[in-house]
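S.K.: any chance you can model this:
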Amino acid sequence: MSAHGEPQPMTARKGGALTGVADVPGDKSISHRSLILGAMAVGETIVTGLLEGQDVLDTAAAMRAFGAEVTRDDDGTWRVHGVGVGGFAEPEDVLDCGNSGTGVRLIMGAMATCPITATFTGDASLRSRPMARVTDPLALFGTRAYGRAKGQLPMTLVGAADPLPVTYTTPVPSAQVKSAVLLAGLNAPGQTVLTEAEATRDHTERMLAGFGAEISTEVTPGGRVITLTGQPELRPQSIAVPRDPSSAAFPVCAALITEGSEVLVPNIGLNPTRAGLFETLREMGADLSFENMREEGGEPAADLRARYSPDMKGIEVPPERAASMIDEYPILSVVAANAEGPTVMRGVKELRVKESDRIAAMADGLRAAGIEVEDGPDWWIVHGRGPGGIEGGVTVATHLDHRIAMSFLCAGFASRKGITVDDAGPIATSFPIFEPLMRGLGATLERASE
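M.R.: Numbers count the residues shown, from 1 in each chain. Predicted structure coming up:
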């Protein structure tokens, strides 16, 4: 069942070429952080280009529950009147974060050092995901967490009344854990110091600096050491959210594997901690070009053109690249199935604890569609059969995971017999315009009711 209603099966079939301009939504990571940091600033933050998917709307609702004024103008501009660092009020009701692991973990960090109590829940997928990876470091500040066995939602957090600054090394590469600790450190006196052995997406650090926090990053032999001075007064900002590279991945990859296609995706964020997929695709032989390179709000951006690429080869993806493309491995596996030879992906155990076990979900679906896949605890190998190598003719389980749903629909465009996903409803959490956008490019998508 979809997170917000009955299951919505959808079928993707081979049709004509995909052509045109794909105006994908705003970056989800930056959208979440714009609302949260805006709520922690003093004054009005103005946000344009915000992703209006359910995940981000749930974060906006949470910021309202903490006392910030969050409104949307008729032209799509969002305004956040913040309450200042440490100024969150206690919510009157349980906070439902829907499907969003990013939303709930960052919000937990933001309220962890406020002297308030808040209870969090989410949909079935989110309630199955591990939260101890966030609540354990938050406990170092003095925060207390009470949840289900295995550290799962629903969970109540009691914020630290007298928070202490923290020195912490992340045990796994996770931008969510890093961000939760840094957001908690905002309301702790002194310096909070966090070390990550592998670089993860750095939107939080960039945006904290933009809002006026004193934050520095030093690259050392032991990893990236981030030092944040607590209790600043954050300044409100005007933020133009660049378009989401994780969402762009779907029309881009669909174009690469669909005969005769050429798609332009304008104004894509190319933060180096997020652009690993595009680097990997180019190494496989994809016809990708970046045009009009520029900076938008401190983040690199460009227009990205993707053309059908029938000569792609399987490669071994460097494990150290995983953090910069962790959300893109499902759609990469679809491209890999249409390349010649094996594509090897290692160091990807984080995929096991996303909205679903993404390695298992993609491996099962690809096997059913005629592709050989090997997998282990933190690795998998897709044995590509070249252009048109996916047989299809199957219905795959999405496990309430938006990226699994979109990946298999893109696979359907290049399959011989089409592919049906059991529930396309979760796509609305991150890419609410996926269906009309892909239809506009020429894709053949059918709902069960049509």
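S.K.: would you confirm that Tyr308 contacts Glu259?
M.R.: Yes. In this structure, Tyr308 is within contact of Glu259 by C-beta atoms under 8 Å, at 5.7 Å. Backbone N, C-alpha and C define where each C-beta goes, glycine included.
S.K.: which residues do the two both contact?
M.R.: Residues touching both Tyr308 and Glu259 by C-beta atoms under 8 Å, 6 or more residues apart in numbering: Ala17.
S.K.: give me the more crowded residue out of those two.
M.R.: Neighbours were counted for Tyr308 and for Glu259 using other C-beta atoms under 10 Å; Tyr308 has more, 19 against 14.
S.K.: gap between the more buried one and Met63?
M.R.: From Tyr308 over to Met63 the distance is 43 Å, taken as C-beta to C-beta, to the nearest Å.
S.K.: and what of Glu52?
M.R.: 15 Å.
S.K.: more neighbours, these two?
M.R.: Met63 (22 against 18).
S.K.: so what's that one scoring on pLDDT?
M.R.: Met63 carries a pLDDT score of 98 in this model.
S.K.: confirm that it sits in a helix.
M.R.: Yes. Met63: assigned to a helix according to DSSP: H, G, I helix; E, B strand; the rest coil.
S.K.: ok, now which ones touch it?
M.R.: Listed by C-beta under 8 Å, 6+ apart, the contact set of Met63 reads 35-36, 38-39, 70, 80.
S.K.: for Gly418, same thing?
M.R.: Per C-beta under 8 Å, 6+ apart, neighbours of Gly418: 11-14, 392-393, 412.
S.K.: so which of these belong to helices?
M.R.: Judged by DSSP state H, those include Gly412 as members of helices.
S.K.: of the contacts of Gly418, which belong to strands?
M.R.: 11-13 (DSSP state E).
S.K.: most neighbours, which of these?
M.R.: Ala12 (26 neighbours).
S.K.: was I right about that residue contacting Phe413?
M.R.: Yes. Counting by C-beta under 8 Å, Ala12 touches Phe413, with 5.5 Å between them.
S.K.: can you list the domains in this protein?
M.R.: Following automatic domain parsing, one gets these domains for the chain: 10-26+243-447, 28-229.
S.K.: can you give me the end-to-end span of the shortest one?
M.R.: Terminal residues of domain 28-229 lie 26 Å apart, using C-alpha to C-alpha, to the nearest Å.
S.K.: how far does it sit from the chain's center?
M.R.: Mean-position distance between domain 28-229 and its chain equals 15 Å (C-alpha atoms, centre = their mean, to the nearest Å).
S.K.: now do the residue nearest to Met325 when sequence neighbours are not counted against Val421, distance only.
M.R.: What sits nearest to Met325 in space, not counting adjacent residues and going by C-beta to C-beta, 6 or more residues apart in numbering, is Gly276, at 3.3 Å. From Gly276 over to Val421 the distance is 25 Å, taken as C-beta to C-beta.
S.K.: so which helix or strand takes in the residue nearest to Trp78 when sequence neighbours are not counted?
M.R.: Sequence neighbours aside, Val47 is the residue nearest to Trp78 in space, at 4.3 Å (criterion: C-beta to C-beta, 6+ apart). Per DSSP states H and E, Val47 falls inside strand 42-48.
S.K.: quick one: closest of the domains of the chain to Gln237.
M.R.: domain 28-229 (5.3 Å; C-beta to C-beta).
S.K.: of Gly276 and Val421, which one has the most company?
M.R.: Legend: neighbour count by other C-beta under 10 Å for Gly276 and Val421, higher for Val421 (27 against 22).
S.K.: hmm, that one is touching Leu400, no?
M.R.: No. Applying C-beta under 8 Å as the test, Val421 and Leu400 come out as separate, 11.3 Å apart.
S.K.: shared neighbours of the two, anything?
M.R.: Joint contacts of Val421 and Leu400 (C-beta under 8 Å, 6+ apart) do not exist.
S.K.: ok so, going back, the residue nearest to Met325 against Leu332, yeah?
M.R.: No. Using C-beta under 8 Å, Gly276 makes no contact with Leu332, being 9.5 Å away.
S.K.: next, show the common contact partners of those two.
M.R.: Joint contacts of Gly276 and Leu332 (C-beta under 8 Å, 6+ apart) are Met325.
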